[in-house]
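Student: got a predicted structure here, sequence first:
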2 protein chains.
Amino acid sequence: MVEKLFNPKSIAVIGASRQEGKVGHSVLKNLLQYGYPGKIYPINPKAKEILRTRTYSTIFAVEGEIDLAVVAIPSQFVPSILKDCVNRGIGAVVIISAGFKESGKQGSQLERELVETIKNSSIRVLGPNCLGIIDTASSLNASFAAGMPSPGNIAFFSQSGALCTAVLDWALGEDVGFSKFISLGNKADIDEVDLLLTLADDQETKVILGYLEGIEDGVRFMEVAKEVSRKKPVIIIKSGRTQAGARAASSHTGTLTGLDTAYEAAFRQCGIIRAETVQTLFDYAIAFAYQPLPRGPNLAILTNAGGPGIIAADAVENSILQMASFRENTISKLRKELPSNASIYNPVDVIGDAGADRYEKAMKTIVNDPGVDSLTVILAPQAMTKIKETAEVISKISSAVSDKPIVSSFMGRLEVKQGIRILRSGKIPNYSYPERTISALEAMVKYRKWKETPFGKILSFEVNKKKAEKIFTKAKEKSEANLTTEETREVLSAYGFSLPQRIVTETSREAISAANSLGYPVVMKIVSPDILHKSDVGGVKVGITEKSQVARSFEDLISNAKRFMPEALIMGVTVEEMIVPGKEVVLGSSRDPSFGPLLMFGLGGIYVEVLKDVSFRIAPLTFNEAELMIKEIRSYPILKGVRGEEPSDLIAVRESLLRLSQLVTDFSEILEIDINPLMVLPAGKGAVVIDSRLTIKI
Amino acid sequence: MVEKLFNPKSIAVIGASRQEGKVGHSVLKNLLQYGYPGKIYPINPKAKEILRTRTYSTIFAVEGEIDLAVVAIPSQFVPSILKDCVNRGIGAVVIISAGFKESGKQGSQLERELVETIKNSSIRVLGPNCLGIIDTASSLNASFAAGMPSPGNIAFFSQSGALCTAVLDWALGEDVGFSKFISLGNKADIDEVDLLLTLADDQETKVILGYLEGIEDGVRFMEVAKEVSRKKPVIIIKSGRTQAGARAASSHTGTLTGLDTAYEAAFRQCGIIRAETVQTLFDYAIAFAYQPLPRGPNLAILTNAGGPGIIAADAVENSILQMASFRENTISKLRKELPSNASIYNPVDVIGDAGADRYEKAMKTIVNDPGVDSLTVILAPQAMTKIKETAEVISKISSAVSDKPIVSSFMGRLEVKQGIRILRSGKIPNYSYPERTISALEAMVKYRKWKETPFGKILSFEVNKKKAEKIFTKAKEKSEANLTTEETREVLSAYGFSLPQRIVTETSREAISAANSLGYPVVMKIVSPDILHKSDVGGVKVGITEKSQVARSFEDLISNAKRFMPEALIMGVTVEEMIVPGKEVVLGSSRDPSFGPLLMFGLGGIYVEVLKDVSFRIAPLTFNEAELMIKEIRSYPILKGVRGEEPSDLIAVRESLLRLSQLVTDFSEILEIDINPLMVLPAGKGAVVIDSRLTIKI
């Protein structure tokens, strides 16, 4: 796919320059300096030789095959050069030149020309407006970056070139190895999806890091990311906000949808580990790259100082990790091995005068405890501390343990420097502060849990799709974006939702027989296209329990309507089944421009609107995702039943979510839908749609 | 107070040792090496000279005065040496020796002896089990730490000696200056309160940092911390959990009180800036030490790379900061000064090829905008970036601006190193990642806001304290820890709470006249000490609207009780005023062993119990604190009135909180009190206690 980008046998540098400081010079220099083993063809019509390499006037002057071209010439000349590349049969092109979409109207036009040019060819383009690429395994540095990271197992792609340089500098400073570095630039062709696919199969890459500002095709991204995340951890820092949430929201769902909600939901569904900050991105990266995934949440802490040990234990309390409880014989062994004033319970404190030997004994005993899934080793430099030796001990033990991650926090800066270097080469992720070890291990535990949870199936209910289709078609014909109550009811009913039964009646006699057939109690409402707020004109009667009340209510409703709104067209009175009170929940969906239908779930009522206690997922939902969506809200215990209350019918809630998912997936014309409230009855008794609204694209 | 600790004219080192590596050697060496200008008397009966300094056999052999003694001898000899120090009239003693409270029973006994020894003297003791003290201004290093920080404006005290060494190493590595370093050790005498008082008046100290695991006298701590925080920022990292919350909680308030709640509340009331992690502690420290407080929340971001700029802007969105909007002429000036493809709106992007001059122009223009309160400068190293020069420009501009903090994020590690050094000497707080600049500035804005908010007054309502006292006395006499409903009602009524009126009646005739005098509707309930759950036996009737119903209800209640519980002693029927429904809130208080009465406030009902939406403060409350407590809960909008609902009587809620604060402050025997619910009526109509319970210490 993007094969020629990473393993080219030959490279042309179009715009290779003699002048130091110029991008076209830096790229060539990097290729030469870092030992690219393939053929290099500098293209420059005015020079014979640059950096002792023979140049060519055009790519057509090159005799051999060209796998990859790197373009570093002013933007206005790029489209025609790209055409040459296509004609010359070049496999891939990296366009470093800026001056495209990012720089206004004219640049956008140039970029459209690029896209047009490659449309029917097999050529792949990275950029424009990028830093280039680096592949340490093939000694390829086709970028104008300053420096080359050492080989390693972390791949990084970035939509920001500047962030690439910052990360590279960090990699060099901290001596963290990388497999590949890809600067995406404007993503005229190659985008994050291509890279995820490539990196998923890349032998050298264990962890994929990315910085993204936006995703064009969210649906495709999710499809690919889901699969790739099963193979290796994908850690992404996503900045910027989608414009979707910014448009005026008319629905309940819309109001509760934040600027970043769709990304948050999509990442969660795909198992993407989201880093909130650049620092977390790296903290996670080294943990995943260097250490195995923990089997479970039970963490042991080993320290030579009480305070930092407590700080770490506090962090555990605020995470999904748990403090491991040691077996009897771990404790008795530690008691024998450590001085009497040491703490032998987790966190284990070998105390301030511990040398490397004491750390070694304690570590061995702790990692052998079957109840320990991971270990954090803390070292605060004190008078008797053996920093280097302790680092060596940790590295040694870690290399002998294959299924329990070991991370460390050598605190301070100056004194611990050499120790940290030893840890680094022993593949121990080290963090200046103990709390960061906890957050890295937590990310690993979460990822493992996600990886081991089956996706679940997307159920397909038997529904009357045809009927819904007809209603939408009719509404479109009438240019009616907001469906009427009746139409919305019919759509939902066609998709298997329970609705209170109701019968429209025109005489009190009809009303009585309707009530008799529905069963008491009933609710009666005036029917009039002119009366929007029925309650305000005395147009609603609830809790009607007998025949005589039905007749009286019928007359009352009609006379109230006539009195308060003499002009209104009165079409009759509905007699409705009265739903016994249950728990109100809200289901809804809005449409994200990138990811499609975004489903929302929350507890109904005024409290939840204020407290914004809702969960989101992208449709179509799997069975398991619907389950998680329900459990995720903070007020979930209320549905499960607190204080001896009966549990609500959670199965009905889940089914409602799945049916809604099916509906919004079937009809992309649905812009927004609210089911608010869905009345959830006690377990086994179902859930009924009390009110709903639906907006379509006309 | 602890004057002699920091400005001693002479120091005795008791336990000075010839042997390198021993603590008694290191202390003496540090005193000599870092140029302590006063007299030094090494005390060692076996040596004539250590490190070319004349030794003395005992402190009594020293002729001159001794201001400070540093003790580094085995713990069992310390009590008698301390007695000598008292007798010799020494001002202060630093006990470095370990082997006291931290090491078990015997050590605890030794520590008690120390406390006993100094009881009636004016001598002050730091430690035992500590690292010592450092005072850079007086070139005093009376510790066994490895190294001496450069002079600066940050003071640090720590309950963990190991954390002291780690921080010191960090200070040396990052070249951050400190004024004082104090290792508190076991706090046998000198504690955090003494240090806050001393450091508040210390000329050299601009920022006070502390690491604490526990506070003994919370009340005194709050008294002092409140005053000190008004003078300078106090940033504390508090780890460990109080045991208070761990005891079985029987009250509602108790259930909702977390392990750390009292500390969180106390710190908030005292304006203490709480750092959640060690890294944040330092991040905040350098911001407060190097830069002025911002006048307001409006931040400008200046960057040479889009991505990091967006990351910073995202962080602003999640903070109380705001993106500054520039004045017209700032924008037009930037447009003139910057290239056409630069972004001239906040975040300002001078783009990748910016040299120092472009940064300079933009910075000057931005800081001159009156709508900008602070500035974050981001630099991602790119091909044309002038790192050192840009650092110099930032330092220069910062030194010319006195009222707007400027912080920076030079990203990366290796390339930016020199630049960061320049920033450091220019007093620019620099952070590796842009998001950390935001969190530091946010802490400054919050602190300034707190500093400028008046404490408010503690109101004193006219109450019937005598009556409450009598009830408590009687309950204590009866050994009755849980007050009866009637007693609790009386206490609350004595403190001015509104309670539904109720009249106990013994005949239906009495009931009718009671109802007539209360006014309809009324509630009627059976009265029996044997019937706890009245509803279960048909013992409650609500919504009684007329005379005939009163009579019938009376008979019903009596006969129900007789039928369901024939053995029960029936004392009559209460007729109660029926309270119209309002918003239910919960008020409560529990007693923290360190801080005293901890007040709780939240919205009532099942939702809030599940969502734990409550706020806490330590009593006594000021008027302003009560106000904040109400506004702090997430569901506050519900009280204020959402969706066109009437606002609740917030004035009555505030008054209820203040009255409760007065009650629990007046009576330390109140262990727990719950007012649940307090029914809050619409604005102007008050609030009524519907149910309550009270537990006292007997």
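Tutor: Received the coordinates, thanks.
Student: what about chain A, any weak spots by pLDDT?
Tutor: A:1, A:240-259, A:532-533, A:606-608, A:643 (pLDDT under 70).
Student: how many neighbours does A:K697 have?
Tutor: 13 (other Cβ atoms under 10 Å in any protein chain shown). C-beta here means a position set from N, CA and C on the backbone, and glycine is covered the same way.
Student: quick check: closest non-adjacent residue to it.
Tutor: A:E669 (4.8 Å; Cβ to Cβ, 6 or more residues apart in numbering or on different chains).
Student: mind listing what that neighbour touches?
Tutor: Counting by Cβ atoms under 8 Å, 6 or more residues apart in numbering or on different chains, A:E669 touches A:472, A:476, A:696-697.
Student: how near is A:E337 to B:S661?
Tutor: From A:E337 over to B:S661 the distance is 53 Å, taken as Cβ to Cβ, to the nearest Å.
Student: and if you look at A:N129?
Tutor: Distance, A:N129 to B:S661, by Cβ to Cβ: 62 Å.
Student: what do you get for A:S122?
Tutor: As defined by Cβ to Cβ, A:S122 lies at a distance of 77 Å from B:S661.
Student: likewise A:V407?
Tutor: In terms of Cβ to Cβ, A:V407 sits 46 Å off from B:S661.
Student: next: A:K238.
Tutor: 46 Å.
Student: got phi/psi on the residue nearest to A:K697?
Tutor: When read as degrees, to the nearest 10, the backbone of A:E669 gives phi -80, psi -10.
Student: got it, and the one 10 residues further on?
Tutor: Geometry field for A:M679 lists phi and psi as phi -90, psi 120, criterion degrees, to the nearest 10.
Student: I'd say it and A:G686 touch.
Tutor: No - counting by Cβ atoms under 8 Å, A:M679 does not reach A:G686; the two are 9.3 Å apart.
Student: between the two, which one's more packed in?
Tutor: Using other Cβ under 10 Å as the criterion, A:M679 and A:G686 rank with A:M679 on top: 21 against 17.
Student: quick one: the strands in the stretch 551-698 of chain A?
Tutor: Using DSSP state E, counting those that start in this stretch, the strands of the stretch 551-698 of chain A run over A:572-577, A:583-592, A:596-603, A:614-618, A:670-680, A:687-689, A:692-696.
Student: what sits up against the shortest one?
Tutor: So the one you mean is strand A:687-689. Contacts of strand A:687-689 (Cβ under 8 Å, 6+ apart): A:489, A:492, A:497-500, A:579, A:582, A:585, A:649, A:652-653, A:656, A:675, A:678-681.
Student: which parts of the stretch 51-200 of chain A are strands?
Tutor: Using DSSP E, counting those that start in this stretch, strands in the stretch 51-200 of chain A cover A:53-54, A:68-71, A:92-95, A:124-126, A:132-135, A:140-143, A:151-158, A:178-183.
Student: for chain B, find the nearest of those strands.
Tutor: strand A:151-158 (7.3 Å; Cβ to the nearest Cβ).
Student: which other residues reach that closest one?
Tutor: Here strand A:151-158 has contacts from A:136-137, A:164, A:167, A:176-184, A:192, A:195, A:199, A:202, A:204-211, A:285-286, A:289, B:307, using Cβ under 8 Å, 6+ apart.
Student: just give me the neighbour total for the residue lying closest to A:K187 once chain neighbours are set aside.
Tutor: Leaving aside its chain neighbours, A:K187 sits nearest to A:Q159 (7.2 Å; criterion: Cβ to Cβ, 6+ apart). Neighbourhood size, A:Q159 [other Cβ under 10 Å]: 26.
Student: quick check: A:Q159 vs B:I43, distance?
Tutor: A:Q159 is 67 Å from B:I43, by Cβ to Cβ.
Student: about what we covered before: just the contacts of strand A:687-689: which are in helices?
Tutor: A:489, A:492, A:652-653, A:656 (DSSP state H).
Student: ok, which pair from these is furthest apart?
Tutor: Among those, the pair separated by the greatest distance (Cβ to Cβ) is A:R489 and A:V653, at 19.4 Å.
Student: out of these two, which sits in the busier spot?
Tutor: Neighbour count, other Cβ under 10 Å: between A:R489 and A:V653, A:V653 has more, with 23 against 19.
Student: contact partners for that one?
Tutor: A:585, A:601, A:630, A:639, A:678, A:680, A:687.
Student: which among those gets closest to A:T437?
Tutor: Closest to A:T437, out of all of these and judged by Cβ to Cβ, is A:I630, at 33.2 Å.
Student: hang on, the earlier thing: can I get the buried part of the contacts of A:E669 as one PyMOL selection?
Tutor: With 16 or more other Cβ atoms under 10 Å in any protein chain shown as the burial test, the buried ones among these are selected in PyMOL as follows:
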select buried, chain A and resi 472+696
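Student: between the contacts of A:E669, which sits nearest A:M411?
Tutor: A:K697 (57.8 Å).
Student: ok, so what distance separates that closest one from A:N676?
Tutor: A:K697 is 21 Å from A:N676, by Cβ to Cβ.
Student: can you give me the neighbour number for the residue nearest to A:S425 when sequence neighbours are not counted?
Tutor: For A:S425, ignoring the flanking residues on the chain, the nearest one in space by Cβ to Cβ, 6+ apart is A:S395 at 7.4 Å. Applying other Cβ under 10 Å, we find 19 residues neighbouring A:S395.
Student: before we move on, what about A:R220?
Tutor: 12.
Student: that one looks like it's in a helix, true?
Tutor: Yes - secondary structure of A:R220 (DSSP: H, G, I helix; E, B strand; the rest coil): part of a helix.
Student: hmm, the helix or strand that contains A:T330 in reach of chain B?
Tutor: Assigning secondary structure by DSSP states H and E places A:T330 in helix A:328-337. No - Helix A:328-337 does not reach chain B (Cβ under 8 Å from any Cβ of the partner chain); its nearest approach is 14.2 Å.
Student: list the buried ones in that helix?
Tutor: Applying 16+ other Cβ under 10 Å to helix A:328-337 flags A:330-331, A:333-334, A:337 as buried.
Student: from those, which is closest to A:E567?
Tutor: A:T330 (84.5 Å).
Student: and A:S122 and B:S661? Which one has more around it.
Tutor: B:S661 (26 against 10).
Student: what residues are up against the more buried one?
Tutor: B:S661 touches B:458, B:597, B:599, B:619-621, B:626, counting by Cβ under 8 Å, 6+ apart.
Student: mind doing that once more with 7 Å?
Tutor: B:S661 sits next to B:599, B:619-621 when contact means Cβ atoms under 7 Å, 6 or more residues apart in numbering or on different chains.
Student: again, but for A:G271
Tutor: A:226, A:229, A:447, A:450-451.
Student: and the two most separated of those residues?
Tutor: Among these, A:K226 and A:Y447 lie farthest apart (Cβ to Cβ), at 13.6 Å.
Student: the two - which one has more neighbours?
Tutor: A:Y447 (22 against 15).
Student: from what I can see that one touches A:I273, true?
Tutor: Yes - contact criterion Cβ atoms under 7 Å: A:Y447 and A:I273 qualify, at 5.8 Å.
Student: hey, what's in contact with both of these two?
Tutor: Joint contacts of A:Y447 and A:I273 (Cβ under 7 Å, 6+ apart) are A:P233.
Student: ok, what's across the strand from A:V234?
Tutor: Legend: beta-bridge partners of A:V234 under DSSP bridges are A:I208.
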